[in-house]
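Q: Mind looking at a prediction? Sequence and model below.
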Amino acid sequence: MKLTSTRKSLIAAAFLAACLPSAATAGLFDDDEARKAILDLRARLDAVNARLDNRLDTKADKSTALDLANENEKLRSEMAKLRGQLEVLANDLANAQRRQQDFYVDLDNRVRKLEPKRAVIDGREVVIEQSEERAYEAAMTTYKSGDFKNAVTAFSGFLTSYPQSAYAGSAQYWMGNSYYAQRDCKGMIPVMQQLLKSFPDHPKSPEAMLNIATCQIELKEKPAAKKTLEGLIAQYPGTEAAQAAKSRLSGLK
């Protein structure tokens, strides 16, 4: 039976709707070659529909029902093949778009990891490099693990790489503590003295002076210890370290 023009149009529209990506995936067709390939397949599909129309119009009265059925089957096979090609192309484009988006997300994350960040360190708001922060945290992790020998190396390396860092004062202090944890007073004292020289206003400076005095006492350097304790009381009055210094001074008499 001959198809009406309206019915044929509906069939073609439904078929194209099934084959081509929806409006929600229209972003897939940004690539010129892919869009050209889809347009080419659409043109071939239109040609198949035209051939179907022609067969239905010319053979209905001139060929047997069997011949017409065979022709229709061939055309249906070609249409199915075109539909498969369209689906494969749409899937490839969708995968390509996902890969591209994943690439940009990964790139954005990498850039963010390299960007400087704001932080509050020792009561001051500063801008630091993220690599700088990671290096300091790695050294602190080594210290907290009890590996004091390697902690000294890590803090020393940090200070060499980031001498102007907002973490420099803290790195100096914890490097000194790493020496002291190994009972290495001769290694600790110059490190703490450098902290006092470079960062006299650092929150850990009073404790650094107290630690120096403690080591001087252990090294039997009582006059030097007394001078350090008196200096601590004078420079940082009202601190807990100053109170401890007063107590130790009384014990030195």
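A: Sure, I can see it.
Q: Can you list the helices and strands that the host helix or strand of Gly231 packs against?
A: Per DSSP states H and E: Gly231 is located in helix 222-235. Here helix 222-235 is seen to pack against helix 205-218, helix 240-252 when contacts are counted using 3 or more CB pairs under 8 Å, 6 or more residues apart in numbering; DSSP states H and E. C-beta here means a position set from N, CA and C on the backbone, and glycine is covered the same way.
Q: which strands and helices sit next to the first one?
A: If I follow you right, that is helix 205-218. Counting contacts by 3+ CB pairs under 8 Å, 6+ apart, helix 205-218 packs against helix 168-181, helix 185-198, helix 222-235, helix 240-252.
Q: Reformat the ones you listed as TSV; add mean neighbour count and distance to Arg118.
A: Conversion of the helices and strands packed on helix 205-218 to TSV gives the following (neighbours: other CB atoms under 10 Å; distance: least, CB to CB, whole Å):
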stretch	mean neighbour count	distance to Arg118
helix 168-181	23	18
helix 185-198	18	24
helix 222-235	18	31
helix 240-252	14	30
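Q: Output these as TSV; include the columns mean pLDDT and distance to Arg134.
A: Compiled in TSV, the helices and strands packed on helix 205-218 are given as follows (pLDDT from 0 to 100; distance: least, CB to CB, whole Å):
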stretch	mean pLDDT	distance to Arg134
helix 168-181	97	13
helix 185-198	96	23
helix 222-235	96	34
helix 240-252	92	31
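Q: can you tell me which of those comes nearest to Thr160?
A: Evaluated with CB to CB, those place helix 168-181 nearest to Thr160, the distance being 10.3 Å.
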